[in-house]
Structures are given as C-alpha cells and as structure tokens.
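S.K.: predicted coordinates and the sequence they were generated for:
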Amino acid sequence: MEKIAILTDTASDIDIELAEKSGIYLLPLYVNLDSKYFKDRFEISPDEFYDWVRENNSLPKTSAPSPGDLTALLEKIKSDGYEKVIMISIGANFSSTYNLFNMIKVEGLETYVFDSGSLTMAEGIFALYAKELVDDGYTFNQVKDKLEEKRNDSKVFFTLNTFKYLVEGGRVPRTFGKIGNALSVKPIITIKPEDNNFKLLKITRGEKKVLNEFKKIVLNELENVKDYYLFIGHGGYEEGLAKLEETFSDIIANARKYYPIQISPTLGANTGPGLFGFGLFKLD
C-alpha cells in the first residue's frame, strides 16, 4: 500500500486541532501586524487577529509560506515514512502559495499539487476528501483523478459587513465599495473555481434577507444531491455562525460531515471582521 501524505496551507481554514485529528499536514501562511510576521494559527489565533483589526482599524499585510518552512515540512513528511504527497493549495490567483508548492522539491518524495481555485474550507474540504480517499485505499493516481473530477464541486458563499478590506486589498473593483457605502447593503459573494476569483453574486439589504438568500442558494445547490459535506464559517462574528446554524439546521443534519469554522487571520486580512457564510462539497 502506498504511503501518501496530505498537505494543505492555513488558508484552507483547517485549524490545527482538525489537522491533527485528520492526519493532515498544515503549512502556515504569514500575517504582518505592527511590522512583525506571525505564522497563521500557529503564532496568532483568529480571535487575537480580529481584536487587533478592530483596535487598529487597519488592513494587515499577508504573505505566502516561506520556502524554508515548506522544505522543512516536506522533510518531516519524508522522515515520517511517506513516499508521496498530495498538496492542496489556495487558489493560484489569491496567493503565490501554489507556485511555491510547485517549486519546492525534496529528493525521494513524489508530489502532486492541486490548485483548489478557492480558499477557506472550500479549499480545505479537498484536503479532507483526499485524506478520506487515501484512508479508503485509493492509490496516488486515483486520488489525483478524483480531485480533478471534483474540481468544480466545492462552493463557498459569504457576506461582509463592509467592502472596505476587499477594496483596499485590490481584491474587487473600487466601485464595489462605492455601492456598499451609498446603499448600506450586504453583498453575497462567491468564488467559482474556474474563475479563481471573487464574484459578486447578489446585493441585499439587511441580515434577515441575507439568511433567506443563503437558504435559497444552498437548497438550489443541493437539489438532487444526496451526499455532501457542509461548512459554516465566520470571521470575528460568532453571532452570524449561530444564525446560520439555526437557518441551516436541516441541511446540517443531513450532511455526511459538518464543519463549523472561524476564518483564519490571513484570509481575514482581506475581508475584515463581520464575515459569515457557508460552503458545500458535492459527493454525488
């Protein structure tokens, strides 16, 4: 039986506890606060990060993992007895992490890099899915093929308190910010893996309408789907997660796996506090 390891970055929003429980190797990105770099989740927690943003009203800088960090982690994977590694990356348009994954090689370790085309748990679910396949006895090539087959089956939808951070980070056009400020609206944003970028799906007024739209979206996405993973996440806004859990109670109950998550510091630097949303992964 092949010895296959699964590795992903912290933009996947797989936290340290879940990574250890699932047997997944986790590589941190970096966030820069007050001119000091911290390893995402390992040296700064999401709560600490969002508190800093609120106190400073500032947009932090982020950066990809260092080559040294990745090399050291791959060497550890090799020393742990693995011969092959499947590396799940944040979408290539969002970070240079994908290029780093392709660049670093360790002798005696065969690697495959999968561009998730996305981020947060919409990326992380690919890692969890790949680990499940490995544990079920799938070969290296079979796991690669299954990931490619499911490339467009991982979706994420979320809303924000403000466009400010996305606009300042250059992630969306500045016109988005003007719309939000003028109308006090709440956007619904998604990411299409084939586009590998943010897309404004709809604009609504008020949180209640957002929750109703989220329910419509998830029911539409899961029409005729019997088997799926589901996640609900927030960025410094636990109330939003609680409201979505209530709204999605039946959807959660029928999911094969459900993951409540908090958005990591490196992703939160691009969205700011107040985000909440959901994602799903269609298995059939």
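M.R.: Good, I have the coordinates.
S.K.: and stretch 231-250, C-alpha only, in CSV?
M.R.: Provided in CSV are the C-alpha atoms of stretch 231-250 (Å, rounded to 0.1, in the frame of the first residue of the first chain):
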residue,chain,number,x,y,z
PHE,A,231,-19.3,24.1,6.5
ILE,A,232,-20.4,27.3,8.1
GLY,A,233,-17.8,29.9,8.9
HIS,A,234,-17.4,33.4,10.4
GLY,A,235,-14.7,36.0,10.7
GLY,A,236,-14.9,37.6,14.1
TYR,A,237,-18.7,37.3,14.1
GLU,A,238,-19.9,34.3,16.1
GLU,A,239,-23.5,35.6,16.0
GLY,A,240,-23.5,35.1,12.3
LEU,A,241,-22.4,31.5,12.6
ALA,A,242,-25.1,30.8,15.2
LYS,A,243,-27.8,32.4,13.0
LEU,A,244,-26.7,30.3,10.0
GLU,A,245,-26.7,27.1,12.1
GLU,A,246,-30.3,27.8,13.0
THR,A,247,-31.3,28.6,9.5
PHE,A,248,-29.5,25.5,8.1
SER,A,249,-30.4,23.1,10.8
ASP,A,250,-32.0,20.6,8.4
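S.K.: and the strands in the stretch 151-284 of the chain?
M.R.: 154-159, 186-192, 197-204, 228-235, 257-262, 275-282 (DSSP state E, counting those that start in this stretch).
S.K.: what residues does stretch 211-227 touch?
M.R.: 155, 157, 188, 202, 204, 228, 243-244, 247-248, 251, 256, 277-278, 280, 282-284 (CB atoms under 8 Å, 6 or more residues apart in numbering). C-beta here means a position set from N, CA and C on the backbone, and glycine is covered the same way.
S.K.: oh, I was asking about stretch 252-261
M.R.: 13, 15, 18, 120-121, 128, 227-234, 241, 245, 283.
S.K.: how about it: buried residues?
M.R.: Across stretch 252-261, burial judged by 16 or more other CB atoms under 10 Å covers 252, 255, 258-261.
S.K.: check stretch 192-211 too.
M.R.: Neighbour-count burial for stretch 192-211 [16+ other CB under 10 Å]: 193, 196, 198, 200-202, 204, 210-211.
S.K.: do stretch 118-125 as well
M.R.: Judged by neighbour count using 16+ other CB under 10 Å, the buried positions of stretch 118-125 are 118-125.
S.K.: so of these, which two are at opposite extremes in space?
M.R.: L119 and I125 (11.4 Å; CB to CB).
S.K.: residues shared between the contacts of the two?
M.R.: Common neighbours of L119 and I125, counting by CB under 8 Å, 6+ apart, are absent.
S.K.: close enough to count as contact, F49 and G268?
M.R.: Yes. F49 is in contact with G268 according to CB atoms under 8 Å; the separation is 5.8 Å.
S.K.: can you show me the helices along the chain?
M.R.: For the chain, helices defined by DSSP state H occupy the ranges 16-22, 46-56, 67-79, 97-103, 121-135, 140-149, 164-168, 174-183, 207-221, 238-247, 249-254, 265-271.
S.K.: rewinding a little: nearest to I104 among the buried residues of stretch 192-211?
M.R.: Closest approach to I104 among the buried residues of stretch 192-211 (CB to CB): N196, at 21.5 Å.
S.K.: which residues are in contact with that closest one?
M.R.: Counting by CB under 8 Å, 6+ apart, N196 touches 91-94, 115, 117-118.
S.K.: mind doing that once more with 6 Å?
M.R.: 91, 93, 117 (CB atoms under 6 Å, 6 or more residues apart in numbering).
S.K.: could you find the lowest-pLDDT member of those residues?
M.R.: Within the set of the contacts of N196, pLDDT is lowest for N93 (90).
S.K.: so that residue touches K199, yeah?
M.R.: No. N93 is beyond contact range of K199, at 11.9 Å (criterion: CB atoms under 6 Å).
S.K.: phi, psi for the closest residue to E75 other than its chain neighbours please.
M.R.: Using CB to CB, 6 or more residues apart in numbering and skipping the chain neighbours, the partner closest in space to E75 is V106 (6.0 Å). Main-chain torsions, V106, degrees, to the nearest 10: phi -120, psi 130.
S.K.: what about S116, how many residues close to it?
M.R.: 29 (other CB atoms under 10 Å).
S.K.: do the same with E48
M.R.: Residues within reach of E48, counting by other CB under 10 Å, total 12.
S.K.: tell me where the model's unsure across the stretch 51-200 of the chain.
M.R.: Segments of the stretch 51-200 of the chain classed as low confidence (criterion: pLDDT under 70) are 163-164, 166-184.
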